[in-house]
Each structure stands twice: as structure tokens, then as C-alpha cells.
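>>> Got a sequence here, can you model it:
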Amino acid sequence: MFQVTPPFETLSSAWTVSRMPARRHITLEWHDEGQMIASCGRYLYKASPNDSQLERIGATPVPVWKRLLGPSKLCRRALRLMYFNVVPISRDRFAVWFDKSIGLIEQGNFAPIMESNRFRVLRQGVARSDSYLYFGEYFGNPNRDPVHIYRFGTSEVRPRVEVVYTFTSRSIRHVHRIQQDPYSSELWCMTGDLPHECQILKTGDQFDTLELVGGGDESWRCISPLFTKKSIYYATDSEYRQNGIYRIDRTSGERTLIATIDGPVYYSTSVGHDLFFAVSAENCPSQSSPHASIWHVCDNDGETAEAKQLVRFKKDILNPKLFLPGTITFPSGPPNQTVNLYFNTFSLRGADFGAFKLSRTDSE
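Sure, this is the predicted structure:
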């Protein structure tokens, strides 16, 4: 028998990568101790973390012509016919962001919350604070129109979306993400994209006021920071400047460059003390190779280990603007304390709409 070459290159002997064949061509949207939520096109499923049997929990309605094109992975990529965020509110109630639709799936039925939106919300871009979900507008915005941050209550039967903050005209292009610091309960907001539009901000009063953490150049162009007890880590999403992983000390506010990396980072996640940053293959000027990869940093009570590249996938041949950059994403959910890291892959050679598991070699 011939041996099939995996679609990835493992760069560290301390870690192993395995494909999840039972979940082929689906995307892992949410993971916690009790459940795993996955999507395939407009359909949403759930299962227990160790169960390969998926139970359909609902779907987001789309026009007939999109429904006909939905089974094609290329059409899903070109039309962005996919879930960007799924947040469980209760056992049978889920807030969902599908393409530009925002709604609730409850007991199998979909009810819209906002319709005719001009924007999407990037993956992991929704923050939960108290009984509210917060999110910001992400769209092309060539005219630099005002950009809004919204929230709605999770306990409301018919949620009412309200604007809690507005960036004025010509101040930013869009919001990358709203995220809660689990140690301070502050909400953080990341914006882009031109150098003067790149900002990391935070609020302790639900967006009545915003405090600038840093901004003004691409070293502050960030999407998904990670929070530890003593530090805040982030990797840059720079188009032209060398990308890097940075650490901000909570006490002093001092920022330190941990490592330079091979491309822009959209998504990150943590498993205990292990921090992971996913480089996307978008073929921008700052990209040193046509690969998506995962970088690892260990934070041990404020002491930072050397950053290491663990695995990389090669971008497929299709245009990244039309058919998505080569992207690695992580399922949303509470901080993961298990030994395994789950991740999704898109637009990568041999790994389009793939689901994988990253584990330490001694953890199996």
C-alpha cells in the first residue's frame, strides 16, 4: 500500500497533528467541556466532544440560488456562505452570524435579529459580558463612513440590537474584534487598517468611554489578543510591516517584541499556559512564504518561552481575495484547559474545509 502524504508539514517533534476524518468538510464553530458545535454550509450541528455523531440543530435561511450553490466548497468560499460566529445562549438557543445575517436559532427555527446588514463580524469577534453580546462592524468601507459597535441582551425573548459606540467618519476602516479580558472584565476593541487607523482600545464602562492602549502604525494592527494573569499577548496583522508577536506587561504597560513571524495573524487561542497564533496565507507584501502556520508561545506566570512554529500548510492556487486567504481558525468557547487544540483550515492545499487536532507528543 502507498502512503498518503499529509497536507501539512510538522516543524516541532514535541507536537503532532492529526486530521479528524469523522468531521471532514465541516467547520468547528464552538468547543467547551459539554459540547462541540459544527457547521457545514448553512447547517448547524452539535455533538459531545468525544462523539462523532452530529445532531442537526438548525439552519440559516438563504435565497434559493445560494442554496443550490451551497454544497460547492468553492462557492461557499467565494460567496462567504459560512458561519462566522456561533454563541450558545442556552441548551437549545444559539446566536449566529452567517455571512451578513445575524439571528437566533432556537429549537431548530431561525429568527433574524438584524437584516440587510452591510457588514460581517470576524470569527471570534463577539464578546460576552454579563447578559450582553457585543460586536463591531467589519466591511470594506472605502469611503470611511462611521463604524458602529452593537450589543443585544441574551436574556431577551426578542433581542433588540442597540448601538453602544460609533467611530466617527474617516477615523477607522472597520472593527476587527470585540473581546473581554477575563481577568479585569474590560472589553477590548481592535481596529484597522491603515497605519493611523490601527488601534488597540479598551473600556471598563461598556463603551461609554474608550482608552487607547496603543496605535498609530502597523505594529498595533491586531485582531485577536490573548490574556494571561500578568500579560496581554498579540500578534500583528500587518500588510507591509514585518509581523510579530508582542507582549504587554499589565503592571508597567511595557510592550516587548517576542518574535518576528512569517505573515499576518487573524486568529489566536490558548490551552492552559500554551498560546497559539495562526498565520494566514494572504500573499501580502509582509508574507515571507505562501503558507498558513501555527506559532506557539508558553506563558508560565509571566515568563515567556521562545516562540516556535509548529505546523504549516501551503496555500492553494486560487486567488485569496476572491476565494479567501489560506486560513487557520479556532473554535470559539471558554478557555480550554485540555491537552488538545482543535483548528479548522480553509483554502489550503489538500486541506480545504478541514478539521484537525494538535497535541503534545506525550499527551496521547
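
>>> and Ser185, how many neighbours?
10 (other Cβ atoms under 10 Å). (Glycine included, C-beta is placed from N, CA and C.)

>>> what comes up buried for stretch 276-287?
By neighbour count on 16 or more other Cβ atoms under 10 Å, the buried set for stretch 276-287 is Phe276, Phe277, Ala278, Val279, Ser280, Ala281, Glu282, Cys284, Ser286, Gln287.

>>> which residue ranges form the helices in the chain?
Here the chain has its helices, by DSSP state H, at 64-69, 73-79, 320-323.

>>> I'd like those helices laid out as CSV, including distance to Gln124 and mean neighbour count.
Output for the helices of the chain, formatted as CSV (distance: least, Cβ to Cβ, whole Å; neighbours: other Cβ atoms under 10 Å):
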stretch, distance to Gln124, mean neighbour count
helix 64-69, 24, 12
helix 73-79, 19, 17
helix 320-323, 20, 14
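
>>> could those go into a markdown table alongside distance to Ser332 and mean pLDDT?
A markdown table is the format used below for the helices of the chain (distance: least, Cβ to Cβ, whole Å; pLDDT from 0 to 100):
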| stretch | distance to Ser332 | mean pLDDT |
| --- | --- | --- |
| helix 64-69 | 24 | 93 |
| helix 73-79 | 19 | 95 |
| helix 320-323 | 23 | 96 |
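
>>> Tabulate those helices (JSON lines), appending distance to Gln179.
Listed next are those as JSON lines, based on distance: least, Cβ to Cβ, whole Å:
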{"stretch": "helix 64-69", "distance to Gln179": "30"}
{"stretch": "helix 73-79", "distance to Gln179": "26"}
{"stretch": "helix 320-323", "distance to Gln179": "25"}
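
>>> so which of those helices gets nearest Gly103?
helix 64-69 (15.7 Å; Cβ to Cβ).

>>> Tabulate the CA atom coordinates of the closest one in CSV.
Output of helix 64-69 as CSV, limited to C-alpha atoms (Å, rounded to 0.1, in the frame of the first residue of the first chain):
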residue,chain,number,x,y,z
VAL,A,64,-32.8,29.5,-3.4
TRP,A,65,-29.9,30.3,-5.8
LYS,A,66,-27.5,30.4,-2.8
ARG,A,67,-28.9,27.2,-1.5
LEU,A,68,-28.2,25.5,-4.8
LEU,A,69,-24.6,26.7,-4.8
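
>>> Tell me the gap between that helix and the middle of its chain.
Mean C-alpha position of helix 64-69 versus that of the full chain (Cα atoms, centre = their mean, to the nearest Å) differs by 26 Å.

>>> other SSEs contacting that helix?
helix 73-79 (3 or more Cβ pairs under 8 Å, 6 or more residues apart in numbering; DSSP states H and E).

>>> Now do Lys321 against Thr60, distance only.
For Lys321, the distance to Thr60 equals 24 Å [Cβ to Cβ, to the nearest Å].

>>> The strand with the most length in the chain packs against which elements?
Longest strand in the chain, counting residues (DSSP state E): strand 291-300. Contact analysis of strand 291-300 by 3+ Cβ pairs under 8 Å, 6+ apart lists strand 231-235, strand 255-260, strand 274-279, strand 308-314, strand 327-329 as its packing neighbours.

>>> list the contacts for the closest residue in space to Cys198 that isn't next to it in sequence?
Nearest in space to Cys198, with sequence neighbours left out and distances taken as Cβ to Cβ, 6 or more residues apart in numbering, is Arg221 at 4.0 Å. Contact analysis of Arg221 by Cβ atoms under 8 Å, 6 or more residues apart in numbering lists Gly192, Asp193, Pro195, Cys198, Thr236, Asp237, Ser238, Glu239.

>>> In strands only, show me those.
Using DSSP E, these in strands are Gly192.

>>> mind putting the contacts of Arg221 in a markdown table, neighbour count included?
Compiled in a markdown table, the contacts of Arg221 are given as follows (neighbours: other Cβ atoms under 10 Å):
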| residue | neighbour count |
| --- | --- |
| Gly192 | 23 |
| Asp193 | 17 |
| Pro195 | 17 |
| Cys198 | 26 |
| Thr236 | 27 |
| Asp237 | 26 |
| Ser238 | 26 |
| Glu239 | 18 |
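
>>> Which positions in stretch 191-210 come out as buried?
Residues 191-193, 195, 197-203, 207, 210 are the ones in stretch 191-210 that count as buried (16+ other Cβ under 10 Å).

>>> Save those residues as TSV, and put in pLDDT and distance to Tyr267 too.
Below are the buried residues of stretch 191-210 laid out as TSV (pLDDT from 0 to 100; distance: Cβ to Cβ, whole Å):
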residue	pLDDT	distance to Tyr267
Thr191	98	17
Gly192	94	15
Asp193	96	17
Pro195	97	22
Glu197	98	20
Cys198	98	17
Gln199	98	19
Ile200	98	16
Leu201	98	19
Lys202	98	20
Thr203	98	22
Phe207	97	23
Leu210	97	23
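
>>> what two of these have the greatest distance between them?
Longest span within these, Cβ to Cβ: Pro195 and Phe207, 24.1 Å.

>>> now, which of the contacts of Arg221 sits nearest Glu254?
For the contacts of Arg221, the nearest to Glu254 is Thr236 (17.3 Å; Cβ to Cβ).

>>> count of residues packed around the closest residue to the closest one other than its chain neighbours?
Excluding its sequence neighbours, the residue lying closest to Thr236 (Cβ to Cβ, 6+ apart) is Asn243, at 4.7 Å. Here the number of neighbours of Asn243 (other Cβ under 10 Å) works out to 25.
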